[in-house]
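K.L.:
Here is a sequence together with a model predicted from it:
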2 protein chains.
Amino acid sequence: MLQVRPFDIEIGQHKVMLNVVDARERGLNAGDRVRVRTKGSATTAILDITLEMVKAGEIGIFTEALKDLKNPTSVDVLPAPKPASLCYIKNIMDKKKLTEDQIRTIVQDIVDNNLSDIELSAYVTASYIHNMDSQEVEWLTRAMIDTGERIHFDTHPVMDKHSIGGVPGNKVSLLVVPIVAAAGLLIPKTSSRAITGAGGTADLMEILAPVEFSADEIKEMTEKVGGVIVWGGATNIAPADDKLIKAEYALSVDPYSQMLASIMAKKGAVGADAVVVDMPVGPGTKLATSEAGRTLAKDLIDLGGRLGIRVECAMTFGGSPVGRTIGPAVEVREALTVLENKGGPNSLKEKSLSLAGILLEMGGIAGRGDGYKAAEDILTSGKAHKKLMEIIEVQGGNPLVKSEEIVIGDNCEDILAPAGGYIVAFYNKRLVELARMAGAPADKKAGVIIHRKMGELVKKGEPLITICSSSDWQLESAVKDAKRQMPIVVEGMLLERYPRITEL
Amino acid sequence: MLQVRPFDIEIGQHKVMLNVVDARERGLNAGDRVRVRTKGSATTAILDITLEMVKAGEIGIFTEALKDLKNPTSVDVLPAPKPASLCYIKNIMDKKKLTEDQIRTIVQDIVDNNLSDIELSAYVTASYIHNMDSQEVEWLTRAMIDTGERIHFDTHPVMDKHSIGGVPGNKVSLLVVPIVAAAGLLIPKTSSRAITGAGGTADLMEILAPVEFSADEIKEMTEKVGGVIVWGGATNIAPADDKLIKAEYALSVDPYSQMLASIMAKKGAVGADAVVVDMPVGPGTKLATSEAGRTLAKDLIDLGGRLGIRVECAMTFGGSPVGRTIGPAVEVREALTVLENKGGPNSLKEKSLSLAGILLEMGGIAGRGDGYKAAEDILTSGKAHKKLMEIIEVQGGNPLVKSEEIVIGDNCEDILAPAGGYIVAFYNKRLVELARMAGAPADKKAGVIIHRKMGELVKKGEPLITICSSSDWQLESAVKDAKRQMPIVVEGMLLERYPRITEL
């Protein structure tokens, strides 16, 4: 029996720590699974080994494992088998095909936090290197759907939209969802928050209303007003994806098969019948070439077919931001301006109407080729605006909000054109960096307003962009950074100047 | 500034924990690197994120990171770049070739514990899937040598021996090292402890003398008596390998390129000029076929050539244990019996003389083809025994020890042949399992003595093996397990009996 030393720290996993002496005596190594038993309770945990942290005869038990044990003063520790998943992950490394059961076991272990970081990372790495075939991806998607909550609507069709991402300022969901819902279709849109971007749709919507709801609440609200815009991460819908992001983010990889499955699992779990996928193509996006876009489109449509979901993909221009704003508040204001029919940029209007139009056609509201016009009618008639206000109200926000009431950071500064001419280079990623330096997405009032886009003419001293922030020092650091390396380049601009070789 | 909450737990890495609110505000995600600063001190750590463990405005700092900070009551946290290694690990995933600098950066980060479990696992997984070319393996080996301590001998040649492993009872180093040293050659042998086996050479030697020494001590002792048998894990020789084992063991993989580099780095770091590699081939070993053995031999010889180390490989029979004992004490007793010229099994004698003979030829002590005989002369003359006693003495053990004085567990039980006939099947792995169930390698007195090997004749009721242990209950469980599934099968034995279908 070992004396328990409680380590009251949540580390996201069942973990215990033994002195090297006790571990050796039991033939145990770091990373092994062990069964920890008290009188009347037991749990399985991942073993860590220490020379000093716990003494021989002691066992350190972290919060998660401690919670499973009754009266944990002294415990018994026995070797336990490694999870079966590990063997199947090894199969992926060896490029062997997996069975449906094997894939399901891996996904269940991921959802249950049963895999160590080492094992999770091996899954992500092996999946990145060796793509699954379409049958395996179908099984993976079904497993991801089944290991979380699902929504079953009584009314059909249920529509949905997804963007592959990679283009800044992509606030189109704020327009597409109300247009589609205003047309009488259901659209329960779960969105993400920004991880490396300046604001995800959920970050934007949160300015207008709460975005954290359960699956049941999403169903109820969608049935009531036709649509919602909520944060998917707050639900238990296809939760495997949220666990995988940890390793994917740490490694900066997005395994292709896993990406397909993650997209479609979120759609399958909310009961979508038809989905439009926005695929921004261009340098700096996730799809560098239109050939890569076509491959992805083919695979998504095929996977949808296997799952009984109709998928249409829309390749969109990803070379410059959608609209002229990047950052939660400035993007919301821009989207509302369009919905209020008070103007707003064409790129935002056209992209939103195109995507909404496809959904109207898929949902049987408009004939083939008539969707764009139908969407435009709904937008210009004010019905889309009215619908967004209903959505805001049902989610608990203020349905009387106006575009001009959206508050933007007090501290704003223009970045001026250092020369006159046409815009010849435009760096999306730099603009996102500047918005983040200004505080976005946590500071919702921080962001970048773009005055000139690719190919446009600018005079010397006119503003190229305006950076805003709630904080004066964050604004200052963003402005300094923008001037050091301009995100927008004007024809004829002197890019660098080296008076002396020693400065190089 | 954040208030510090010290988490006084060593977790093997620089780690800090932020509340999700503070992380979001700073644009930080779990797994990011952060720079933590106090007045006058700073450190870099891996970030974990929690909803509850630390409150907003607080930061949890684990022991390792805490040690770097002066007066850590409140600290400043800034984003820090991910280690460059991560980018190079991604290159391995993408099957791109690495440069020498990139490989060196990865190895240095591994040695410095700069990689998270997720990153380390990605390296191991990607290395397992995509082999490096021979140039990259050379660079990897050199980096592993240079990131640890090295031994430079004034006298040459320096000999060394390595076994690929996978065959039980392989106590040959206890004979090879003293034979070679008795011939006047230097042989500073670093050995491993068992991870999944019943006893590594270091576990065995520890019965005779201490095995934990620094690189300087190894040099001094080797110069004094010609050889040592020490635990490599206690030194700082090629330490990257010891860090990698964590992920390799957890995933049960042994990436090929990494294995080559790890073997040769340990040899290169002790200054070896010539190395013999024992490669047990056969079912259940690491080399299933002699073709796999030849490939490995070719690669090791090539790598040796690149490093200026002469390598000879000896394919050995791995189908059954070397000698007739498995477990520290029983193996040591058997090896001493051979050294004392009091008998002992031929398989042990012949294998040891073959490997020692190759080293005598490589070291110029014997002509090509005369090594075996020269080794045999050293063994039968008693010089090898005398040399082992010198090695034991210099390492701090008792140089008067006799084979019969090696204490074996009190609790022993024979497993009897349930039928008469020839031995037709012999399961190495089962024998190792039984030795481990009896307590080996932590219980050094636990082990298995083998009375009949493949092809030998046995009468019904004669012992096949004897299992010994210091503990009665461990013996009991091993015996029960042995009877449930026999490790040695006699011709004509009834293997299984199913009286009723319900028992299947």
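P.N.:
Here it is on my side, so go on. Residues are numbered from 1 along each chain as shown, chains lettered A, B, ... in the order given.
K.L.:
Give me the nearest residue to the residue nearest the centre of chain A, chain neighbours excluded.
P.N.:
In chain A, the centroid-proximal residue (Cα atoms, centre = their mean) is residue A:192; its distance is 4.0 Å. Taking Cβ to Cβ, 6 or more residues apart in numbering or on different chains, and ignoring the residues beside it in sequence, residue A:192 has residue A:200 as its nearest neighbour in space, at 4.5 Å. C-beta: built from backbone N, CA, C; applies to glycine.
K.L.:
so who does that neighbour touch?
P.N.:
By Cβ atoms under 8 Å, 6 or more residues apart in numbering or on different chains, the contact list for residue A:200 reads A:191-194, A:441.
K.L.:
quick one: which of those is nearest residue B:315?
P.N.:
Taking Cβ to Cβ as the measure, residue A:192 is the one of the contacts of residue A:200 closest to residue B:315, at 55.9 Å.
K.L.:
where does the closest one land on pLDDT?
P.N.:
Note on residue A:192: pLDDT of 93.
K.L.:
same deal with residue A:187?
P.N.:
98.
K.L.:
contacting residues for it?
P.N.:
A:158-161, A:176-177, A:180-181, A:222, A:226-227, A:359.
K.L.:
Residue A:4 too?
P.N.:
Counted by Cβ under 8 Å, 6+ apart, residue A:4 has contacts A:58-59, A:61, A:72-75.
K.L.:
Would you mind listing the two of those residues that lie farthest apart?
P.N.:
A:58 and A:72 (12.3 Å).
K.L.:
Give me the neighbour count for the residue of the stretch 301-450 of chain A found nearest chain B.
P.N.:
Distances between the stretch 301-450 of chain A and chain B by Cβ to the nearest Cβ are smallest at residue A:442, namely 4.4 Å. When neighbours are counted by other Cβ atoms under 10 Å in any protein chain shown, residue A:442 registers 20.
K.L.:
now do residue A:429
P.N.:
13.
K.L.:
and stretch A:419-429, which residues are buried?
P.N.:
A:423, A:426-428 (16 or more other Cβ atoms under 10 Å in any protein chain shown).
K.L.:
repeat for stretch A:305-320
P.N.:
If you call a residue buried by 16+ other Cβ under 10 Å, then stretch A:305-320 has these buried ones: A:307, A:309-316, A:318-320.
K.L.:
on that earlier part again, just the buried ones out of the contacts of residue A:187, please.
P.N.:
Buried among the contacts of residue A:187 (16+ other Cβ under 10 Å): A:158-161, A:176-177, A:180-181, A:222, A:226-227, A:359.
K.L.:
So of the buried residues of stretch A:305-320, which two are at opposite extremes in space?
P.N.:
Comparing the members of the buried residues of stretch A:305-320, the greatest separation, given Cβ to Cβ, is between A:307 and A:320, at 33.9 Å.
K.L.:
from the contacts of residue A:187, which is closest to residue B:96?
P.N.:
residue A:161 (35.9 Å).
K.L.:
Check what pLDDT that closest one gets.
P.N.:
Among the per-residue scores, residue A:161 shows a pLDDT of 98.
K.L.:
What spatial separation is found between it and chain B?
P.N.:
Residue A:161 sits 25 Å away from chain B, going by Cβ to the nearest Cβ, to the nearest Å.
K.L.:
other SSEs contacting whatever helix or strand that residue lives in?
P.N.:
According to DSSP states H and E, residue A:161 maps onto strand A:159-163. Judged by 3 or more Cβ pairs under 8 Å, 6 or more residues apart in numbering or on different chains; DSSP states H and E, strand A:159-163 is in contact with helix A:173-182, strand A:187-191, helix A:256-269, strand A:274-281, helix A:346-362.
K.L.:
Swap in 6 Å and give it another go.
P.N.:
Strand A:159-163 sits against strand A:274-281, with contacts defined as 3 or more Cβ pairs under 6 Å, 6 or more residues apart in numbering or on different chains; DSSP states H and E.
K.L.:
Show the secondary-structure elements that the strand it packs on is packed against.
P.N.:
strand A:159-163, helix A:290-307, strand A:310-317, helix A:346-362.
K.L.:
Could you list the low-pLDDT ranges of the stretch 151-300 of chain A?
P.N.:
Within the stretch 151-300 of chain A, not a single segment meets pLDDT under 70.
K.L.:
mind running it again at 80?
P.N.:
A:283-284 (pLDDT under 80).
K.L.:
Can you pull the residues of it lying near chain B?
P.N.:
Contacts of the stretch 151-300 of chain A with chain B, taken as Cβ under 6 Å from any Cβ of the partner chain, map to A:246-247, A:249-251.
K.L.:
Reformat the residues you listed as JSON lines; add neighbour count and distance to residue B:256.
P.N.:
Conversion of these to JSON lines gives the following (neighbours: other Cβ atoms under 10 Å in any protein chain shown; distance: Cβ to Cβ, whole Å):
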{"residue": "A:246", "neighbour count": "19", "distance to residue B:256": "29"}
{"residue": "A:247", "neighbour count": "29", "distance to residue B:256": "24"}
{"residue": "A:249", "neighbour count": "18", "distance to residue B:256": "29"}
{"residue": "A:250", "neighbour count": "24", "distance to residue B:256": "25"}
{"residue": "A:251", "neighbour count": "25", "distance to residue B:256": "22"}
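K.L.:
Look up the closest residue to the closest residue to chain B within the stretch 201-350 of chain A, ignoring the ones flanking it.
P.N.:
Chain B sits closest to residue A:250 of the stretch 201-350 of chain A, with a gap of 3.6 Å, by Cβ to the nearest Cβ. Using Cβ to Cβ, 6+ apart and skipping the chain neighbours, the partner closest in space to residue A:250 is residue B:31 (3.6 Å).
K.L.:
Same check on residue A:224?
P.N.:
residue A:394 (5.7 Å).
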